[in-house]
Structures are given as structure tokens and as C-alpha cells.
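1. What follows is a predicted protein model with its sequence.
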Amino acid sequence: MSDKEEGPSQRQLRVGETIKRAVSEILTTKIYEPFLDQTSVIVSEVRMTPDLKLASIYIFFLFNEKVDKDSFMRNMNDIAHKVKFFLAKKIKLRYMPEIRFVLDSSFEEASKINKILNKK
């Protein structure tokens, strides 16, 4: 056996996928915040810690000139307790994980790479 770090367990993946679907629905149907009306939020991935006590929810959203990324992410993390409340009603886990929203920049990076490749 090697000392290499393994990827997430099947349980982490299952719980993450369940939370991903639930949070997507909660953000569109249960949470009514003015800053959410400015853009569309997409949950791209949920990563769970091995003890399932923290859920890092990766989101991206369609920007317009009026939306400041930093303030938007602060607002998202400010409503994390509301999301957790609705999440606890929607799914049954022994412990409801803490929620942290993280900006998923992989789509922006892919777009930059695509532009560089298309310059040739």
C-alpha cells in the first residue's frame, strides 16, 4: 500500500451530489434576496470534508457590469445559514454540514485558454 492521498470516498461523493441538487433548488425557490435577482447562480460542485462536517459549494454566475464578484460572494456566504436551514428540511443527515460558498473560476480559466488557442 502506498502513502498517496486518495480521492473522496463514495459517501463524500454521494452526500456532495445530494447537497448540490438540493442547494440548486433552494437558491431558485426558497431564498429571496435582492442580490440574487441580478444574476443566475449555478452550483457546479460540492466538496465534502472526510468527516462530512463542511460542504464547500462551488458556484459560478453570469456577471454583468453591475455585479461585484467579491461583494456577491460575501452576500452568498452571509445567507449560508438560510441555505443550511432549508437544506436541513430537505435532506436527512446525522449532522448538517457547515456551508461555505466558493467562486468556481474553472470556467473563466477555460475561456481564457480557449481565447489563447483561437488566436493562432
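-> Right, received. Where do you want to start? On a predicted model such as this, the values are computed, not experimentally measured, just so you know.

2. Only C-alpha atoms from now on, for both contacts and neighbour counts.
-> Noted.

3. how many neighbours does residue 56 have?
-> Residue 56 sits with 18 neighbouring residues when counted by other CA atoms under 10 Å.

4. quick one: it is in a strand?
-> Yes: applying DSSP: H, G, I helix; E, B strand; the rest coil, one finds residue 56 inside a strand.

5. pretty sure it is touching residue 47, no?
-> Yes: counting by CA atoms under 8 Å, residue 56 touches residue 47, with 5.2 Å between them.

6. now the helices: where do they sit in this structure?
-> Listed in chain order, the helices of the chain (DSSP state H) span residues 10-29, 69-78, 80-90, 106-118.

7. For these, give me a markdown table that also has mean neighbour count, mean pLDDT and distance to residue 97.
-> Shown next, in a markdown table, are those (neighbours: other CA atoms under 10 Å; pLDDT from 0 to 100; distance: least, CA to CA, whole Å):
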| stretch | mean neighbour count | mean pLDDT | distance to residue 97 |
| --- | --- | --- | --- |
| helix 10-29 | 16 | 94 | 10 |
| helix 69-78 | 15 | 91 | 14 |
| helix 80-90 | 15 | 95 | 8 |
| helix 106-118 | 11 | 71 | 24 |
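
8. so can I have a markdown table of these showing distance to residue 51?
-> Listed next are the helices of the chain as a markdown table, based on distance: least, CA to CA, whole Å:
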| stretch | distance to residue 51 |
| --- | --- |
| helix 10-29 | 9 |
| helix 69-78 | 21 |
| helix 80-90 | 17 |
| helix 106-118 | 26 |
